[in-house]
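> Take this sequence and fold it.
(chains A and B)
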Amino acid sequence: MNTPANTIQDFTNREYKWGFITEVEEDRIPKGLNEDVIRLISQKKGEPQFMLEWRLKAYRHWAKLEQAEAEPKWANVHYEPINYQDIVYYSAPKQKPSLKNLDELDPEILRTYEKLGIPLEEQKRLAGVAVDAVFDSVSVATTFKEKLAEAGVIFCSFSEAVEKHPELVKKYLGSVVPYSDNFFAALNAAVFSDGSFVYVPKGVRCPMELSTYFRINAAETGQFERTLIIAEEGASVSYLEGCTAPIRDQNQLHAAVVELVALDNAQIKYSTVQNWYPGDKEGRGGIFNFVTKRGLCAGANSKISWTQVETGSAITWKYPSCILKGDNSVGEFYSVALTNNYQQADTGTKMIHMGRNTRSTVVAKGISAGHGQNTYRGMVKIQKSAVGARNYTQCDSLLIGDKCGAHTFPYIEVKNASARMEHEASTSKIGEDQMFYLRQRGLKTEDAVSMIVNGFCKRVFRELPMEFAVEAQKLLSVSLEGSVG
Amino acid sequence: MSLLEIKDLHVKVENHEILKGIDLSVNAGEVHSIMGPNGSGKSTLAQVLARRETFVVTAGEVLYKGKDLLAMKPEEAACEGVFLAFQYPVEVPGISNAYFLRSAVNARRKYRGEEEMDAMDFIPYYKEKMKLLEMDERFMNRSVNEGFSGGEKKRNEIVQMAVLEPKLAILDETDSGLDIDALKIVAKGVNAMRSPDRAIVVVTHYQRLLNYVVPDFVHVLVDGRIVKSGGPELALELEDKGYAGVEGEAVRV
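Alright, predicted model coming up:
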């Protein structure tokens, strides 16, 4: 239907191309949260007893925190209090209990992913990328599963992992982010409904890029997924997640948890292109993206690398971190966070050095436009045991216009005198002289801005897998549309 | 019809009148030099022609190819063939010279409704122009002007000019900060650009660049006005007598 009203709406929302809604029959439970809801979720998923018990423990912990009003308030973001009883905690597209192949998947959902540029039919996929597609509360498809299985790699939905590999789930679930970690981690542990699971066995280099595409579709629903990636001794894997959501006036809560475990000589590279609906130009609607991500470099010489491009969400609260426990282990964090219109982001990392000669690198680029508020919050902690630890932090902010803000809160805690720490920070504005130079060479204002911004982010983009680096560049230009002049 | 026709141009910056009525006409195929002391308004004139928006035109008219240049945005003027070699070239961190310049080439092509040039065709063309200015090919992959010496920046401007093939090239004190060898290289590059369908306006303090790039016309700009125009001999006269001397004469005339 192309009524004039729709056309105007399309026009004002033209920056966000992923805002459509898919009509599918949903299996959703009533709003609200209590122990019965937890039991119901667990029952719907046919989970073993240990999962239900873990969820209940998490719920009770969360309920206590909620009663004590212990929702974290220290972040530099502002929003109306969330009514946790006004959220639907489980919504799934109705489908056959178990799909044998993609033909059985609701064609509407297949079309959704096609529209998002993620065709699930394997032959059409970029060679070398396997996808797990999470639609609202559940994983609807995982591609290339068999091919990965040949290499011994397990890549499946979290639910399937609970069913088929309970011993691995039991061993690692909550081992890096315990349910008691923080308010949102506790909530996630209680109600999470799906997510991705990756297990790379000893000595195996995962033969293809793995990725999960998260899509929120249903209204008034929270999305709570959980990802667990385990790289055994000498294993390596590169994983990418992408996310989008429809345009809705109401804020929606997304509280995910990601846990990574790298054993001796293992490497995990985790990249995110986060593009949840950011809200409209007046700041109405948008996703609250409250996420806990942490990696444990458990083994010697292990390496965990986080790369994130955060362009979406009304509010982002996210600190992908590394615990560098193994000697000589390496943690990296490369981040681009962009806030336009009324978006707010409080993001950064924690690097906890425990092992000897552990090294970490932090490169954070914040871009603020419109009324956007962008905060870098980072902690580097060198424990007493971390002899010879090194950290390099670079933290740059770029301002576009004069109504936005950039804030930086670096915390450094050193308990071993042998540590070497470097911290560089800069704040710059896209200057009139720079704009004039580029425009004098023939570039339009918006192309000039996008070129300056892409140059600013280059150090981070080059950490992304090739195809996604190109996507990320485009995404940045689109997200900045209309921010100048 | 002249390529560029400036009539009674008045320009203000922050309520301060910098240009107080400039008249100048430049034909394709000509090289004009605008000389004058510090603060006379030379750079302002150069930047107004390139459409820098911080300058406010309070009166006058500028026709370029018969069109109202003052109604154009900087990128339009650029795509119509106006090029400014900056006095202080700006750095663009993270963007390579090759990518930057190819984007500029393609912006023009798009403007003219032509097909864009791909990297395969662009690179050899670019290398050829770099060779002319004796710039190491490795500059191609370095960020635009970042970490360049003063001389390298100026040479890079002329490489850009050579690649973009403007109709009207304005050189804003391209010679300042160049040693004699670099000056000769730059002059060689500029001379190679002289052509019957292109005009070049050289803005400078000193006569020394004009020993190598011999202008057809020299204009002396003092306090926002062109006080004297003449042939290349005027530049030599200036060198001899100084601006004060020439200005005095102009007033007497």
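
> CA only for contacts and neighbour counts going forward, please
OK.

> who are the neighbours in contact with residue A:39?
By C-alpha atoms under 8 Å, 6 or more residues apart in numbering or on different chains, the contact list for residue A:39 reads residue A:52.

> That one belongs to a helix, doesn't it?
Yes - under DSSP: H, G, I helix; E, B strand; the rest coil, residue A:39 falls within a helix.

> what about the nearest residue to residue A:437 once chain neighbours are set aside, how many neighbours?
Computed as C-alpha to C-alpha, 6 or more residues apart in numbering or on different chains, the closest residue to residue A:437 that is not its neighbour in sequence is residue B:90, at 6.6 Å. Here the number of neighbours of residue B:90 (other C-alpha atoms under 10 Å in any protein chain shown) works out to 18.

> Over to the one 3 residues further on?
Under the neighbour criterion other C-alpha under 10 Å, residue B:93 is assigned a count of 20.

> average pLDDT across the helix or strand hosting it?
Assigned by DSSP states H and E, residue B:93 belongs to strand B:92-96. Over the span of strand B:92-96, the pLDDT mean works out to 92.

> Is it in proximity to chain A?
Yes - for strand B:92-96, a contact with chain A is found by C-alpha under 8 Å from any C-alpha of the partner chain, at B:92, B:93, B:94, B:95.

> could you list every residue that touches the residue nearest to the third one when sequence neighbours are not counted?
Once flanking residues are discounted, residue B:94 sits nearest to residue A:455: 3.8 Å by C-alpha to C-alpha, 6+ apart. Shown in contact with residue A:455 (C-alpha under 8 Å, 6+ apart): B:92, B:93, B:94, B:95.

> which residues in the stretch 351-485 of chain A form strands?
For the stretch 351-485 of chain A, the strands defined by DSSP state E, counting those that start in this stretch occupy A:359-368, A:373-382, A:390-399, A:405-414, A:420-429.

> Quick one: neighbours of residue B:180, just the number.
Neighbour tally, residue B:180, other C-alpha under 10 Å: 12.

> And the pLDDT at it?
For residue B:180, the pLDDT comes out at 91.

> one step back: for ChimeraX, what selects the buried ones among the contacts of residue A:455?
A single ChimeraX command suffices to select whichever of the contacts of residue A:455 are buried according to 16 or more other C-alpha atoms under 10 Å in any protein chain shown:
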select /B:92,93,94,95
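
> Would you mind listing what in the stretch 1-150 of chain B touches chain A?
For the stretch 1-150 of chain B, the contact set with chain A under C-alpha under 8 Å from any C-alpha comprises B:50, B:52, B:74-79, B:83-84, B:89-95, B:103-104, B:107-108.

> 7 Å - rerun?
Residues of the stretch 1-150 of chain B lying close to chain A (C-alpha under 7 Å from any C-alpha of the partner chain) are B:50, B:52, B:74-76, B:78-79, B:90, B:92-95, B:104, B:107-108.

> Filter the residues you listed down to the ones in helices?
B:74, B:75, B:76, B:78, B:79, B:104, B:107, B:108 (DSSP state H).

> My read is that the last one contacts residue B:79, right?
Think residue B:108. Yes - using C-alpha atoms under 7 Å, residue B:108 is in contact with residue B:79, at 4.9 Å.

> list the residues that contact both of these two?
Shared contacts of residue B:108 and residue B:79 (C-alpha atoms under 7 Å, 6 or more residues apart in numbering or on different chains): residue A:442.

> Compare those two (neighbour count), which wins?
Neighbours around residue B:108 and residue B:79, counted as other C-alpha under 10 Å, are more numerous at residue B:79. The numbers are 27 against 23.

> Low-confidence bits of chain A, can you list those?
Along chain A, segments meeting pLDDT under 70 span A:1-21, A:23-24, A:93-106, A:109-110, A:112-130, A:136-141, A:217-219, A:245-248, A:467, A:477-485.

> Please list the residues of it that sit near chain B.
Going by C-alpha under 7 Å from any C-alpha, the residues of chain A near chain B are A:434, A:436-437, A:439-444, A:452, A:455-456, A:458.

> what two of those residues are the furthest from one another?
Largest separation among the residues of chain A next to chain B by C-alpha to C-alpha: A:440 and A:458, giving 23.2 Å.

> what helices or strands is the top strand by length along chain A leaning on?
Longest strand in chain A, counting residues (DSSP state E): strand A:286-297. Here strand A:286-297 touches strand A:251-254, strand A:257-262, strand A:303-310, strand A:315-318, strand A:321-324, going by 3 or more C-alpha pairs under 7 Å, 6 or more residues apart in numbering or on different chains; DSSP states H and E.
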